[in-house]
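Colleague: this is a predicted model, with the sequence first.
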Amino acid sequence: MAESRNLGFHRVGLIPAQPPRRLGAYEDWVARGYHGDMAYMARDDHRRGRRDPRELLPGAQTIVVVALAHSPGERAGAGGPVVPADRLRGAVARYARGADYHRVMKEKLRALAERLSRRTGQEIPARACVDTAPILERDAAERAGLGFTAKNTMLIAPGLGSYVLLGELLLGAEARAEPADGAAAHKGCGSCRACLDACPTGAFPTPYVLDARRCISYLTIENRGPIPRALRPLIGSWIFGCDICQQVCPYNAAAPHRSAPAPELEARAAQSHPELIAMLETTGNQYKKWVRGTALERARRPQFLRNVCVALGNAGAKRAAPALDAALADRSSLVRGHAAWALGALGEGARCRLHVDAEADPWVREELELAAR
Ligand code: B12
Ligand code: SF4
Ligand code: SF4
């Protein structure tokens, strides 16, 4: 698999295109409703793909499974990154701080497909999958020997840790199964449970199982509506995703990061710890420019500003109050409602009283009234 290494993948393994080993875990997860509002996860067409990858590429015989390391960034304690008192900054999950990995990985996987076709002198049917295709990616990665599924449900690649992203190339050609280098070199989680204890929202009902509805990553990225009130104070300064259950993992602390992260995925300063007040004041066009070409594009402006309001409410700095006050006039009710909550959290809820009568949205009115109490 020299071709894959030349393209910059950090790990690669080949498996036959067959049903996943842990399909039952996925079916059980959906049956328990742990997918929350990610309705696509429970759809029949989606389930079919997960049951058998040959549904995604008729005639698929082989899956090339790859891992690409992203920037591991700085290490923080279980409480998440520190918000400096003088400059209020939000935290963006590490995987989203560089170029959009979906695009980066897909381009590399397509280039790999072309190289393989060229080498064999015939057009090999191929499909590149990264994140959004209905494949149980961690299961495929584990089967291909890229690493092991850990108690925080992350795929940990020995020597790299869990700060790796996964991708697959389905191929309509037979190839010898070839496990990734170092496949056998892991011990699993053992008796450790640091991630389970560190999760601020208690999102792990049991080891190896995540209730997405409580996960900050889901709440700040996938969830399009209001963030449940009880969970808002637990989100801290995270405005896009969360890395806490990875930050505390000894495999990440110990990972020598022998290979440098993919250059495209190197963290960009502007995307790493953005200033919260400035973010709240961005116009639609400024926001579009800021997210362009990054995984942050997944969040629309109202969703993102919702997260910014929550982080400001949690930061405890009253100097955010004027910006939050201005956000009470935002055109999005999602933003107005969370700005009201944040003002209440900062002890500035009295500012909300003036807005109650003019507010047309019943949910925002309720948030304003609660904050003003
Ligand atoms: C939906 C989804 C989410 C949801 C739900 C996550 C979840 N844990 O289920 C939310 C929005 C919360 C989320 C968050 C994140 N995600 Co996400 N997500 C996905 C997606 C699209 C589907 C995952 C899924 O099918 N979940 C259902 C569960 C049942 O499947 P699973 O997570 O694979 O779970 C495995 C284990 O639970 C295991 N298992 C179950 N029982 C048992 C028992 C034992 C004993 C063992 C050993 C294992 C085991 O079997 C399952 C199958 O392998 C995948 C891409 C894909 N197509 O697979 C990316 C993916 C999993 N996400 C990814 C990333 C990077 C993240 C975040 C780190 C982003 C962030 N920083 O905010 C967080 C991590 C949170 C966490 N601890 O998982 C990467 C993970 C890479 C890696 N190294 O593992 C993936 C693979 C995307 C990619 N292409 O790289 N994500
Ligand atoms: S990503 Fe954050 S909220 Fe989600 S399970 Fe991990 S620690 Fe908990
Ligand atoms: S913190 Fe401990 S239990 Fe959690 S994934 Fe890492 S080794 Fe496993």
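Modeller: Everything's here; your move. Ligands and ions are numbered 1, 2, ... in the order given.
Colleague: how many neighbours does residue 18 have?
Modeller: Neighbour count of residue 18, defined by other C-beta atoms under 10 Å: 14. (Each C-beta comes from the backbone N, C-alpha and C, glycine too.)
Colleague: gap between it and residue 29?
Modeller: Counting by C-beta to C-beta, to the nearest Å, the separation of residue 18 from residue 29 is 21 Å.
Colleague: with residue 223 instead?
Modeller: 17 Å.
Colleague: excluding sequence neighbours, find me the nearest residue to the closest residue to ligand 1 within the stretch 151-300 of the chain.
Modeller: Nearest to ligand 1 in the stretch 151-300 of the chain, going by C-beta to the nearest ligand atom, is residue 241, at a distance of 2.7 Å. Leaving aside its chain neighbours, residue 241 sits nearest to residue 93 (2.7 Å; criterion: C-beta to C-beta, 6 or more residues apart in numbering).
Colleague: cool, residue 27 as well?
Modeller: Nearest to residue 27 is residue 47, by C-beta to C-beta, 6+ apart, at 7.8 Å.
Colleague: what's the following helix or strand after the strand or helix carrying the one you found?
Modeller: Residue 47 belongs to helix 44-51 when assigned by DSSP states H and E. Per DSSP H and E, helix 44-51 leads on to strand 62-69 as the next helix or strand towards the C-terminus.
Colleague: export that following strand as CSV, just CAs?
Modeller: Extracted in CSV, the C-alpha atoms of strand 62-69 (Å, rounded to 0.1, in the frame of the first residue of the first chain):
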residue,chain,number,x,y,z
THR,A,62,-12.5,-4.8,-1.0
ILE,A,63,-12.4,-1.9,1.4
VAL,A,64,-9.2,0.1,1.8
VAL,A,65,-9.5,1.7,5.2
VAL,A,66,-7.3,4.8,6.0
ALA,A,67,-6.5,7.0,8.9
LEU,A,68,-5.3,10.6,8.7
ALA,A,69,-3.9,12.3,11.8
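Colleague: tell me the strands beside that strand, with direction?
Modeller: Sheet pairing for strand 62-69, assigned by DSSP bridges, gives strand 11-16 (antiparallel), strand 164-171 (antiparallel).
Colleague: which of these sits most buried?
Modeller: Ranked by mean neighbour count, those are led by strand 164-171 with a mean of 25 (mean count of other C-beta atoms under 10 Å).
Colleague: pLDDT value on the residue lying closest to residue 250 once chain neighbours are set aside, please?
Modeller: Of all residues not flanking residue 250 in the chain, residue 192 sits nearest, at 6.6 Å (C-beta to C-beta, 6+ apart). You'll see residue 192 listed with a pLDDT of 98.
Colleague: the one 4 residues further on now?
Modeller: Note for residue 196: predicted pLDDT of 98.
Colleague: tell me the helix or strand right after the host helix or strand of it.
Modeller: Assessed by DSSP H and E, residue 196 sits inside helix 194-198. Later in the chain than helix 194-198, the nearest helix or strand by DSSP H and E is helix 216-217.
Colleague: so is the next helix or strand after that next one next to ligand 2?
Modeller: Proceeding N to C from helix 216-217, the next assigned helix or strand is strand 238-240, under DSSP H and E. No - Strand 238-240 is not in contact with ligand 2 by C-beta under 6 Å from any ligand atom; minimum separation 7.5 Å.
Colleague: show me what strand 238-240 is packed against.
Modeller: strand 91-92, helix 301-315 (3 or more C-beta pairs under 8 Å, 6 or more residues apart in numbering; DSSP states H and E).
Colleague: so for ligand 3, which of the ones you listed sits nearest?
Modeller: Per C-beta to the nearest ligand atom, nearest to ligand 3 of the helices and strands packed on strand 238-240: strand 91-92, 19.0 Å.
Colleague: can you tell if the next helix or strand after the closest one touches ligand 1?
Modeller: From strand 91-92 onward toward the C-terminus, using DSSP H and E, the following helix or strand is helix 101-120. No - Helix 101-120 does not reach ligand 1 (C-beta under 6 Å from any ligand atom); its nearest approach is 7.0 Å.
Colleague: can you give me the buried ones in helix 101-120?
Modeller: Neighbour-count burial for helix 101-120 flags 101-102, 104-106, 108-109, 112-113, 116-117 (criterion: 16 or more other C-beta atoms under 10 Å).
Colleague: pLDDT on the helix holding residue 47, on average?
Modeller: On average, the pLDDT along helix 44-51 is 91.
Colleague: ok, now stretch 152-167?
Modeller: On average, stretch 152-167 scores 95.
Colleague: is it true that residue 62 touches residue 168?
Modeller: No - using C-beta atoms under 8 Å, residue 62 is not in contact with residue 168, being 10.1 Å away.
Colleague: quick revisit: neighbours around the residue nearest to residue 250, how many?
Modeller: 16.
Colleague: my read: residue 194 touches residue 252, true?
Modeller: No - the criterion here is C-beta under 8 Å, and residue 194 misses it with residue 252 at 10.5 Å.
Colleague: output the below-cut-off pLDDT ranges for this structure.
Modeller: 1, 73-87, 182-186, 255-259 (pLDDT under 70).
Colleague: what is the helix holding residue 196 packed up against?
Modeller: By 3+ C-beta pairs under 8 Å, 6+ apart, helix 194-198 packs against helix 244-247.
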